[in-house]
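Q: Requesting a structural model of the entry that follows:
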Amino acid sequence: MNEMQDKENPGPENRGLNHGDPVRVSPSQKGAGRLPLSRKLCYGIGGAPYQMTANALAFFLQLFLLDVVQMEAFYVSMILFMGRAWDAVTDPVVGYLVSRSGMTRYGKLIPWMVLSMPFAVIMYFMLWFTPADTMSPAFSFSWYFITYCLFQTFMSCYHVPYSALNMFLGGDQRDRDSATAYRMGMEVFGTLAGATIQGQIVGVYHAKTAQTCGMLNSTELNSTSPLADTLSNTRRAYVIAAAVLCGIQIVCCIVMFLGVKEHPAPLSPLGRTKMPFFSGLRCIVKHTPYVRLVFGFLFSSLAFQLSQGNLALFCTHAAGFGAYLQHLILTFLVTATLSIPMWQFLLVKFGKKTTLFVGLSCFIPALISLASFKSSLALFFAMSAFAGSSLAVLYLLPWSMLPDVVDDFKVKNPTCTDLEPLFYSFYVFFNKFGGGVSLGISAMSLYFAGYKPGACSHKPAVITTLRVLFAPAPVVLLLLGMLIFYFYPINEERRREIKRELDKIQRREKETREDVNSAF
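A: Okay, the predicted model is just below:
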């Protein structure tokens, strides 16, 4: 790529950009040059907690509430949909509050992350805790809905500033793309670690429940009463898995805090934005590249999350591979983790937009195969690996394209500064909104199809609903997302133009500072 061959300016042109406290925000002589490997790694590790918990919830929360807590599907749909809707609404609010906050000795964004993490960890643990063996529908709904909303609120206070931090690591487009690759690699690894830990701990007990159901089905079809001790052990396993993941989240946050410092960027001095919330929102939604990227990401993410959220139920009740669930999830995520370097290489060689189309297209035949050939376990594993490779594209490419959109906005609107948290918060908002819609639709569809919590077998309408939710619906949504991405206007030539314009702005800022210094 030509833009990857552009020379950096680590010399005197990049000096003197320190707009904040020198304790945590070091001079841009350090920040504007090449990013050190340690900073990329520490930044990437900081992204693991969000994806670790988000994917554990995506894979297991619906199964946990339906088959372990044994909550009615209607209440589960309300928790998942309203909880994610609340989560989505909090993201823009958090983004605006972050943009309005001032500098501290530790930076502008990092204090939000460090202070919110302990509360997020506590709420995550409580989300997997079963207060009593027998609970009234009102109490169980209230417990899990309130806990879920609080967890998502505190995690938004962590994830929104973390996402915006990419713009303030220092370096240029090439460095940010590299840092994004490290971030996505670590996030997929965090997803893998979270799903592996939770899957291996709780999967044993889900396999025992499936085995118990098999024995019951041989004597009493449609039995809805698994052995009580198996259910109790399964609940205990979820608590243990949550405790382990909570410890990992804290360690990741500490590593990020110790290894990353914030650096001002051209047209982004890390100050307080003076623009009112709705004025900033109007500026953002009028930026066409951002709108198209957001909605393309929304439909693509909705497709992946709809399929992912129903994977556990599909494997357990439709495909008959419930005993292999943890191994299928492991295959899915290991492939995604190992595919990140390959997609990063293709991104550099062929460009972001082309790589995005190729990668997302791989998900369609994988889903169709998984939904069609339930009798072949080997084929199921192979297609899970193929789908995992496509998942890596969804992790890497849209998040790698967002900084280009922000840079394009800054070049076209040089007076609108410090809006990066709003850009990232609305990006996260639509992603989470899509996830909430997918989970709510899934649970509600199962409710109307007649899904019975804790049942060992289900009627054909439930199985058909699971198949539709797992493959045909996600395929349609993904095609819509790819259609929107087709009209995304920032290609590789435009990226090179943006880089040249930012370099000019940076040189003018340097000359202005030198004139001011010479006057004294």
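
Q: Is residue 275 in contact with residue 413, as I believe?
A: No: using C-beta atoms under 8 Å as the test, residue 275 is too far from residue 413 to be in contact (10.6 Å). Every residue, glycine included, has its C-beta placed from N, CA and C.

Q: The two - which one has more neighbours?
A: For the pair residue 275 and residue 413, the greater number of neighbours falls to residue 275 (19 against 15), based on other C-beta atoms under 10 Å.

Q: The more buried one should be in a strand, yeah?
A: No: remark: residue 275 does not belong to a strand; assigned using DSSP: H, G, I helix; E, B strand; the rest coil, it is coil.

Q: so how many other residues sit close to residue 461?
A: Counted with other C-beta under 10 Å, the burial measure for residue 461 works out to 13 neighbours.

Q: Report the separation between it and residue 467.
A: Here the criterion is C-beta to C-beta, to the nearest Å. By it, residue 461 lies 11 Å from residue 467.

Q: just checking, what packs against the helix or strand where residue 394 lies?
A: Under the assignment given by DSSP states H and E, the secondary-structure element containing residue 394 is helix 377-412. Using 3 or more C-beta pairs under 8 Å, 6 or more residues apart in numbering; DSSP states H and E as the contact criterion, the secondary-structure elements in contact with helix 377-412 are helix 173-217, helix 288-309, helix 325-350, helix 352-361, helix 363-372, helix 420-449, helix 492-519.

Q: Just send the ones you listed back as CSV, with mean pLDDT, mean neighbour count and distance to residue 85 too.
A: As requested, those are arranged in CSV below (pLDDT from 0 to 100; neighbours: other C-beta atoms under 10 Å; distance: least, C-beta to C-beta, whole Å):
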stretch, mean pLDDT, mean neighbour count, distance to residue 85
helix 173-217, 73, 21, 23
helix 288-309, 89, 22, 14
helix 325-350, 84, 20, 26
helix 352-361, 92, 19, 26
helix 363-372, 86, 19, 26
helix 420-449, 79, 23, 5
helix 492-519, 77, 14, 35
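
Q: between those helices, which gets nearest to residue 129?
A: Of all those, it is helix 173-217 that lies closest to residue 129, at 13.7 Å by C-beta to C-beta.

Q: what sits in contact with each of residue 275 and residue 413?
A: When contacts are counted by C-beta atoms under 8 Å, 6 or more residues apart in numbering, the set common to residue 275 and residue 413 consists of residue 283.

Q: still on that earlier bit, want to try CSV for the helices and strands packed on helix 377-412, with distance to residue 253 as columns?
A: Supplementary listing: these in CSV, determined by distance: least, C-beta to C-beta, whole Å:
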stretch, distance to residue 253
helix 173-217, 12
helix 288-309, 25
helix 325-350, 21
helix 352-361, 30
helix 363-372, 32
helix 420-449, 18
helix 492-519, 31
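
Q: Out of these, the one nearest residue 154 is which?
A: The closest approach between residue 154 and any of the helices and strands packed on helix 377-412, judged by C-beta to C-beta, belongs to helix 420-449 at 13.9 Å.

Q: Grab the nearest non-local neighbour of the residue nearest the centre of the chain.
A: Among the residues of the chain, residue 51 comes closest to the average C-alpha position under C-alpha atoms, centre = their mean, at 5.2 Å. In this structure, residue 51 finds its nearest non-sequential neighbour in residue 187, 4.1 Å apart by C-beta to C-beta, 6 or more residues apart in numbering.

Q: Show me what stretch 466-482 is in contact with.
A: Contacts with stretch 466-482, where a contact means C-beta under 8 Å, 6+ apart, come from 295-304, 306-307, 310-311, 313-314, 317-318, 357, 360-361, 363-364, 367-368, 370-372, 441-442, 445-446.

Q: Can you list the buried residues in that stretch?
A: Taking 16 or more other C-beta atoms under 10 Å as the basis for neighbour counts, the residues of stretch 466-482 that come out buried are 466-467, 469-471, 473-475, 477-478, 480-482.

Q: Pull it out as CSV, backbone CA atoms only.
A: This file holds the C-alpha atoms of stretch 466-482, laid out as CSV (Å, rounded to 0.1, in the frame of the first residue of the first chain):
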residue,chain,number,x,y,z
LEU,A,466,-33.6,-22.1,16.3
ARG,A,467,-32.5,-22.9,12.7
VAL,A,468,-33.9,-19.7,11.3
LEU,A,469,-32.3,-17.6,14.1
PHE,A,470,-28.9,-19.3,13.6
ALA,A,471,-28.5,-19.1,9.8
PRO,A,472,-31.1,-17.6,7.4
ALA,A,473,-31.8,-14.4,9.4
PRO,A,474,-28.0,-13.6,10.0
VAL,A,475,-27.3,-14.2,6.3
VAL,A,476,-29.9,-11.6,5.3
LEU,A,477,-28.6,-9.1,7.8
LEU,A,478,-25.0,-9.6,6.7
LEU,A,479,-25.9,-9.0,3.1
LEU,A,480,-27.6,-5.7,4.1
GLY,A,481,-24.4,-4.7,6.0
MET,A,482,-22.2,-5.5,3.0
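
Q: Residue numbering should commence at 273 henceforth.
A: Sure, I'll start numbering at 273, so the last one becomes stretch 738-754.

Q: what's the spacing between that stretch and its chain's center?
A: Using C-alpha atoms, centre = their mean, to the nearest Å, the mean C-alpha position of stretch 738-754 is found 19 Å from that of the whole chain.

Q: again with stretch 386-398
A: 17 Å.

Q: Now it - C-alpha only, PDB.
A: Coordinates of the C-alpha atoms in stretch 386-398 are reproduced here as PDB (Å, rounded to 0.1, in the frame of the first residue of the first chain):
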ATOM      1  CA  VAL A 386      -9.500   2.600  36.200                       C
ATOM      2  CA  LEU A 387     -12.300   3.900  38.500                       C
ATOM      3  CA  SER A 388     -15.100   2.000  36.700                       C
ATOM      4  CA  MET A 389     -13.400  -1.400  36.500                       C
ATOM      5  CA  PRO A 390     -13.900  -2.500  40.200                       C
ATOM      6  CA  PHE A 391     -17.600  -1.800  40.000                       C
ATOM      7  CA  ALA A 392     -18.000  -3.600  36.700                       C
ATOM      8  CA  VAL A 393     -16.200  -6.600  38.200                       C
ATOM      9  CA  ILE A 394     -18.600  -6.800  41.200                       C
ATOM     10  CA  MET A 395     -21.700  -6.500  39.000                       C
ATOM     11  CA  TYR A 396     -20.300  -9.200  36.600                       C
ATOM     12  CA  PHE A 397     -19.900 -11.600  39.400                       C
ATOM     13  CA  MET A 398     -23.400 -11.000  40.800                       C
END
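
Q: If you count neighbours, what's buried in that stretch?
A: When burial is assessed from 16+ other C-beta under 10 Å, stretch 386-398 yields the following buried residues: 386, 388, 389, 391, 392, 393, 395, 396, 397, 398.

Q: And the contacts of that stretch?
A: Contact partners of stretch 386-398, identified using C-beta under 8 Å, 6+ apart, comprise 321, 325, 378, 419, 422-423, 426-427, 429-430, 511, 514-515, 517-518, 521-522, 525, 529.
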